[in-house]
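# Attaching a predicted model along with its sequence, questions to come.
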Amino acid sequence: MSAPVYETHLKKAESFYDEYERKSGDQSVTHYCPGCGHGELHKMMAEAIDDLGIRDRTVLVSPVGCSVFAYYYFDVGNLQSAHGRAPAVATGVQRSRPHSILISYQGDGDLAAIGLNEVLQAANRGEKMVVFFVNNAIYGMTGGQMAPTTLEGQKTSTSPYGRDVGKVGMPMKMAEIVASFERVAYVERVSCDTPAHARKAKKAVKKAFQYQMEELGTTFVEVASNCPSGWKMTPEESLTWLRENVFPYYPLGVFKKPERE
């Protein structure tokens with residue numbers, strides 16, 4: 001009998017390195033905590049880059065935060081910026097290399113705190129970049145401190161009694177804020193907590209790239225994510241907390257899209 005012939009249907013995206021040789025320790029896995037949403041978003045981004053054939057044009061800018069080591073994984077142009085400054089660095093690259101596909105990959109502490117002005121000014125100018133914004137309502141990398149997106153009453157290492165909105169203000173709804181700028185082309189908030197939501201998130205990621213390729217303006221995809229380590233929960237518990245507490249305040253959906261749709 002002849003040997004069976006197997007076809008490969010699932011494989012790692014070509015926009016990922018085969019082995020993460022820049023990473024210490026186990027080079028077959030990422031540095032993200034078990035249950036974290038960053039890895040799922042990375043996979044969707046890499047697959048979209050492959051599908052659209054833009055790997056040689058893509059430049060990913062990662063600032064300080066959980067995504068600080070994104071250059072370990074993506075076989076695209078990679079730059080690392082100072083904390084919160086990814087949109088400014090991406091603007092510089094886009095102005096000097098206008099054919100590029102620019103990604104500003106940011107967390108909530110990075111984008112909504114120290115980098116707030118950077119992203120708002122870039123959105124106001126309608127810079128040709130995709131902003132992927134992972135909102136897990138906490139500073140995940142540096143010790144679980146309160147972020148601008150931390151929910152009212154949510155306990156963190158710097159708000160052990162819960163966020164007091166009377167003293168520090170309300171949690172910031174970045175998707176809604178960014179959608180208010182005229183030169184922004186597309187804004188959607190998604191999640192990866194269920195297969196159905198993950199399918200919608202994958203479509204949103206690809207749309208964000210497509211609209212940038214058409215030079216329609218800034219595109220912004222916010223991912224409402226869990227943070228098991230920062231929230232001091234198991235992955236399963238964190239997903240339940242995400243659905244019960246995060247989604248009511250940060251509803252999923254499209255906040256802005258091109259007029260043709």
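The structure has been received and is ready for your questions. Numbers count the residues shown, from 1 in each chain.

# From now on I want contacts and neighbour counts done on CA atoms only, so please keep to that.
Will do.

# And for stretch 7-27, what's in contact with it?
Here stretch 7-27 makes contact (C-alpha atoms under 8 Å, 6 or more residues apart in numbering) with 28-30, 43, 46-47, 49-50, 55, 72-76.

# let me fix that: stretch 218-225
Contacts of stretch 218-225 with the rest of the structure, by C-alpha under 8 Å, 6+ apart, involve 36-37, 122-123, 126-136, 175, 178, 183-193, 201, 204-205, 208-209, 211-212, 242, 246-247, 250.

# Let's see which of these end up in strands.
If you go by DSSP state E, the contacts of stretch 218-225 have 130-135, 184-190 in strands.

# Of those residues, which is the most crowded?
Neighbour counts for these, by other C-alpha atoms under 10 Å, peak at residue 135, which reaches 30 neighbours.

# need the ones in strands among the contacts of stretch 218-225 in TSV with distance to residue 82 and pLDDT, can you?
Converted to TSV, the ones in strands among the contacts of stretch 218-225 look like this (distance: C-alpha to C-alpha, whole Å; pLDDT from 0 to 100):
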residue	distance to residue 82	pLDDT
130	18	98
131	16	98
132	17	98
133	16	98
134	17	97
135	19	97
184	24	98
185	26	98
186	26	98
187	25	98
188	26	98
189	25	98
190	26	98
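
# May I see those residues arranged in CSV, with distance to residue 148 as well?
Shown next, in CSV, are these (distance: C-alpha to C-alpha, whole Å):
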residue, distance to residue 148
130, 21
131, 18
132, 17
133, 13
134, 13
135, 10
184, 22
185, 24
186, 22
187, 19
188, 19
189, 17
190, 19
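
# Can you point out the buried residues in the helix or strand hosting residue 41?
Element membership of residue 41, judged by DSSP states H and E, is helix 38-52. In terms of neighbour count (16 or more other C-alpha atoms under 10 Å), helix 38-52 has its buried residues at 38-49.
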